[in-house]
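Engineer: coords please:
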Amino acid sequence: MNLEEHLSLGEFHVSNVIKNHISRGSPKQALVLYQGIRSKGVYFPGWVPLILKACACVVPRLVLGKLLHSESIKFGVCSDVIVGTSMINMYGKWGCVFSARKVFDEMPERNVATWNAMIGGYMSNGDEVSASGLFEEISVSRNTVTWIEMMKGYGKRKEIEKARELFERMPIEMKNAKAWSMMLGVYVSNRVMEDARMFFEDIPEKNSFVWSLMISGYFRIGDVCEATAVFYRVLSHDMVIWNTLITGYAQNGYSDDAIDAYYKMQREGYEPDEVTFSSVLSACAQSGCLDVGREVHSLINYKGIELNQFVSNALIDMYAKCGDLENATLVFESLSQRSVACWNSMISCLAIHGKGKEALEMFRTMERLDTTPDEITFMAVLTACAHGGFLIEGLKIFLEMTEKDVKPNVKHFGCMIHLLGRSGKLKEAYGLIREMLMKPNDTVLGALLGACKVHMDTEMAEQVMEVIESMGTITNEERENHLVSISNLYAHAKRWETSEMMRVEMEKRGLEKSPGFSSLVFT
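Structural biologist: Presented below is the predicted three-dimensional model:
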């Protein structure tokens, strides 16, 4: 439906469309629709709280936020308590606490939701003193949400005891299911599962959400057995609980269990939704189950499920990792709205299938379409450069990261070391390692040692080994592997005595040889 058709159906229809975009996790589409409507000169005050909510859900867009603020003043709706509260919530989520407080102070009327939004803004941005001041100031008008905002803030700050003390202070009549869930969530989010378990057993009425919290909490710390045990304690499973189980299995690499749970859920009469599909497709990608993935895709089409960014990204990723580049491309090209995650999956897909040039072309297309790349995008395209040996392009793209305010991590450096090493630029690769702000890990150093072996550069290998020896975090196994690599390098360079000396040194240190290596070289 185009813009004119939306407008012809009236304010109520447009409000519902905006709400649907937000509820489906597509706030950007709501903002695009609103900007299109405003370009036509149409303005309805009732849309403002919804658009402010959409703004709060995306990365900070201060220009748009300030524009909405100005429009609300211009059209005389800024004094409305719902608009003002929504604005405080938006500024708070963006970290603009000063702007949020300015709106708060200028509001002629405030309700408890307004106070809660301001308290939440302070707590989420680490200002416990100001939040506590407001909390005490409205002691008479507090509701459950007021207490929850404070507990949630303490939870984010990992101040679990303060959150629990607040929960204990909370009036008994306000300790509803949300309050119990929030306190349990504080334990779970901080991975304190033993305390979470004890608190969970005290919850008077255990609803689906708290069961899911416990299951996801155990999955989060990798305790798959305990997560499964909690699942089977539930007398009546629902979609939330099934999705938590399937997602947990997939995220912990138990792909076969995730697929089995997916089928069992359907046998028990539950219809999979977008969350289910995303998770089971992830499991298919891990295990290479292309047949199951295709079956899931067919069911998505049969049910008319909209390909939101999560489902579409999961489909592209599944086809890519299962080696079906054609279907991955078809899914990508069928999307009218492409998230950064979808671009990332497609670029990665091309890179791992040896389509380096196509990956670079897609990256440039993404930029031309004003989709801002993130660190995952750069990782994917640098991988394509490393696999394809595109040195000049790789260097340009690595420099672009700084220009686009994306901070390279150790994996990005690893790609560049691999690319420089493959191109014979060992000194430049070594120089890049020395310039890294973070400590180089075993993968980065191993990549350079591998390049030294390929180019028979024993001098550079010795310098790299000095860096390895100076690192206090490297394990004996990692050190052993590097020493074996250098010993083999000396052997390939026919420096037999040095190679044997390194073997003797390894034995003195008590480092055992890795299986598959030998100090004997046959010529």
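Engineer: what residues are up against the residue found closest to residue 322 once you drop the neighbours it is linked to in the chain?
Structural biologist: Using CB to CB, 6 or more residues apart in numbering and skipping residues adjacent in sequence, the residue nearest residue 322 is residue 290, 4.0 Å away. Bear in mind the C-beta positions are built from the backbone N, C-alpha and C, glycine included. Residue 290 is in contact with 284, 318, 319, 322, 323, 324, counting by CB atoms under 8 Å, 6 or more residues apart in numbering.
Engineer: and the fifth one, which of the three is it?
Structural biologist: Yep, that's residue 323 we're talking about. coil (DSSP: H, G, I helix; E, B strand; the rest coil).
Engineer: list the contacts of it.
Structural biologist: 288, 290, 353.
Engineer: so how do I select the buried members of the contacts of residue 290 in PyMOL?
Structural biologist: Applied in PyMOL, the following selects the buried portion of these according to 16 or more other CB atoms under 10 Å:
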select buried, resi 284+318+319+322+324
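Engineer: tell me the two of the contacts of residue 290 that are most distant?
Structural biologist: Greatest spatial distance among these (CB to CB): 284 and 323, at 12.2 Å.
Engineer: could I get stretch 310-324 in PDB with only the CA atoms?
Structural biologist: Provided in PDB are the C-alpha atoms of stretch 310-324 (Å, rounded to 0.1, in the frame of the first residue of the first chain):
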ATOM      1  CA  PHE A 310      15.000 -11.900  11.900                       C
ATOM      2  CA  VAL A 311      13.300 -14.500   9.700                       C
ATOM      3  CA  SER A 312      14.800 -13.200   6.500                       C
ATOM      4  CA  ASN A 313      18.300 -13.000   8.000                       C
ATOM      5  CA  ALA A 314      17.900 -16.600   9.400                       C
ATOM      6  CA  LEU A 315      16.900 -17.900   6.000                       C
ATOM      7  CA  ILE A 316      19.800 -16.200   4.200                       C
ATOM      8  CA  ASP A 317      22.200 -17.500   6.800                       C
ATOM      9  CA  MET A 318      20.800 -21.000   6.700                       C
ATOM     10  CA  TYR A 319      21.000 -21.300   2.900                       C
ATOM     11  CA  ALA A 320      24.500 -19.700   2.900                       C
ATOM     12  CA  LYS A 321      25.900 -22.100   5.500                       C
ATOM     13  CA  CYS A 322      24.300 -25.100   3.900                       C
ATOM     14  CA  GLY A 323      25.900 -24.200   0.600                       C
ATOM     15  CA  ASP A 324      22.800 -23.100  -1.300                       C
END
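Engineer: looking at it, residue 398 is touching residue 404, isn't it?
Structural biologist: No - at 11.3 Å, residue 398 and residue 404 do not qualify as touching, with contact defined as CB atoms under 8 Å.
Engineer: ok, those two, which is more surrounded?
Structural biologist: Neighbours per residue (other CB atoms under 10 Å) separate residue 398 from residue 404, with residue 398 holding more: 20 against 14.
Engineer: how much space separates the more buried one from residue 412?
Structural biologist: Between residue 398 and residue 412 the computed distance is 7 Å (CB to CB, to the nearest Å).
Engineer: which residues do the two both contact?
Structural biologist: Common contacts of residue 398 and residue 412 (CB under 8 Å, 6+ apart): 378, 382.
Engineer: residue 170 and residue 180 touch, don't they?
Structural biologist: No - using CB under 8 Å, residue 170 makes no contact with residue 180, being 10.2 Å away.
Engineer: flag the least confident of the contacts of residue 323.
Structural biologist: Ranked by pLDDT, the contacts of residue 323 bottom out at residue 353, which scores 87.
Engineer: take the contacts of residue 323 and keep only those in helices.
Structural biologist: Judged by DSSP state H, the contacts of residue 323 include residue 290 as members of helices.
Engineer: just give me the closest of the contacts of residue 323 to residue 90.
Structural biologist: When those are ranked by distance to residue 90 (CB to CB), residue 353 comes first, at 42.0 Å.
Engineer: residue 95: neighbouring residues, count only.
Structural biologist: As a burial measure, residue 95 scores 14 neighbours (other CB under 10 Å).
Engineer: what about it, which SS state?
Structural biologist: Using three-state DSSP, the structure places residue 95 in coil.
Engineer: just to revisit the earlier point, how near is the residue nearest to residue 322 to residue 280?
Structural biologist: With CB to CB as the criterion, residue 290 and residue 280 are 13 Å apart.
Engineer: kindly report the same for residue 57.
Structural biologist: 26 Å.
Engineer: can you check residue 64 too?
Structural biologist: Distance of residue 64 to residue 280, computed by CB to CB: 36 Å.
Engineer: who has more neighbours out of these two?
Structural biologist: Between residue 64 and residue 280, counted using other CB under 10 Å, the more crowded position is residue 280 (31 against 17).
Engineer: state the distance from the more buried one to residue 255.
Structural biologist: 9 Å.
Engineer: where does the protein have low pLDDT?
Structural biologist: 1-11, 59-61, 458, 468-523 (pLDDT under 70).
Engineer: tell me the domain boundaries of it?
Structural biologist: As given by automatic domain parsing, the domain ranges for the chain are 1-142, 409-523.
Engineer: any chance of TSV for those, columns distance to residue 333?
Structural biologist: Below are the domains of the chain laid out as TSV (distance: least, CB to CB, whole Å):
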stretch	distance to residue 333
domain 1-142	19
domain 409-523	27
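Engineer: can you tell me the element residue 103 falls in?
Structural biologist: Assigned by DSSP states H and E, residue 103 belongs to helix 97-106.
Engineer: which parts of that helix are buried?
Structural biologist: 97, 99, 100, 101, 103, 104.
Engineer: those: which two are farthest apart?
Structural biologist: Taking CB to CB, the two most distant members of these are 97 and 103; they sit 10.8 Å apart.
Engineer: joint contacts of those two?
Structural biologist: Common contacts of residue 97 and residue 103 (CB under 8 Å, 6+ apart): residue 91.
Engineer: closest to residue 41 out of the contacts of residue 323?
Structural biologist: Comparing those against residue 41 with CB to CB places residue 353 closest, at 48.6 Å.
Engineer: distance of that closest one from residue 321?
Structural biologist: Taking CB to CB, one finds residue 353 at 10 Å from residue 321.
Engineer: and these two? which has more neighbours close in?
Structural biologist: When residue 353 is set against residue 321 and neighbours are counted by other CB under 10 Å, the residue ahead is residue 321, at 21 against 16.
Engineer: element containing residue 90?
Structural biologist: Assigned by DSSP H and E, residue 90 falls in helix 81-93.
Engineer: now that helix, how far from the centre of its chain.
Structural biologist: Per CA atoms, centre = their mean, to the nearest Å, the displacement of helix 81-93 from the mean C-alpha position of its chain is 26 Å.
Engineer: next: stretch 307-317.
Structural biologist: For stretch 307-317 - counting by CA atoms, centre = their mean - the centre lies 15 Å from the chain centre.
Engineer: in that stretch, what counts as buried?
Structural biologist: 307, 308, 309, 310, 311, 312, 313, 314, 315, 316, 317.
Engineer: once you drop chain neighbours, what's closest to the first one?
Structural biologist: Read it as residue 307. Nearest non-adjacent residue to residue 307 (CB to CB, 6+ apart): residue 335, at 6.4 Å.
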